[in-house]
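# Pasting the sequence and the predicted coordinates here, then a few questions.
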Amino acid sequence: MLRDVSVRDTSIELFGQKLTSPILLAPIGVLELAHHQADVGVAKAAASLNIPYIFHQASRSMEEVSSVMGTSPRWFQLYWSKSTNS
């Protein structure tokens, strides 16, 4: 109540990148069950809002998804697998 909020700035700096908001799109598996565009549709939306998209093992290839993103920020979530052959 005692702070001027007439001009708001939701931007943050994360890992040396300036982002317009503190929102990132987390990976969701098997998006093709929810929509025919799957990860490509989510990547398009993320790119239009300049929100980082986090890649993972998905319904579509990283190359296909990346092709609709231009220079928008993106990350990759790596899942470490445990070897059971030891």
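Cool, the structure landed.

# From here on, just use CA atoms for contacts and neighbour counts.
OK.

# pLDDT on the longest helix anywhere in the chain, on average?
Taking DSSP state H as the criterion, the chain has its longest helix at helix 38-49. For helix 38-49, the mean pLDDT works out to 92.

# So which elements touch that helix?
With contacts defined as 3 or more C-alpha pairs under 8 Å, 6 or more residues apart in numbering; DSSP states H and E, the secondary structure elements packing on helix 38-49 are strand 53-55, helix 62-66.

# go with 10 Å
Counting contacts by 3 or more C-alpha pairs under 10 Å, 6 or more residues apart in numbering; DSSP states H and E, helix 38-49 packs against strand 53-55, helix 62-66, strand 74-76.

# Distance check, the residue nearest to the spatial centre of the chain against V68.
With distances taken as C-alpha atoms, centre = their mean, Y53 lies nearest the centre of the chain, 1.4 Å away. Computed with C-alpha to C-alpha, to the nearest Å, the distance linking Y53 and V68 is 12 Å.

# Now do the shared contacts for these two.
In the contact map built from C-alpha atoms under 10 Å, 6 or more residues apart in numbering, the residues linked to both Y53 and V68 are A43, K44, A45, A47.

# remind me which residues of the chain are low pLDDT?
85-86 (pLDDT under 70).

# coming back round to it: most neighbours, which of the shared contacts of Y53 and V68?
Comparing these by number of neighbours (other C-alpha atoms under 10 Å), A43 comes first, having 27 neighbours.

# is it true that that one touches M69?
Yes: between A43 and M69 a contact is recorded at 6.3 Å, counting by C-alpha atoms under 10 Å.

# Residues that sit against both of those two, list them.
A shared contact of A43 and M69, defined by C-alpha under 10 Å, 6+ apart, is any residue touching both; here these are N50, P52, Y53.
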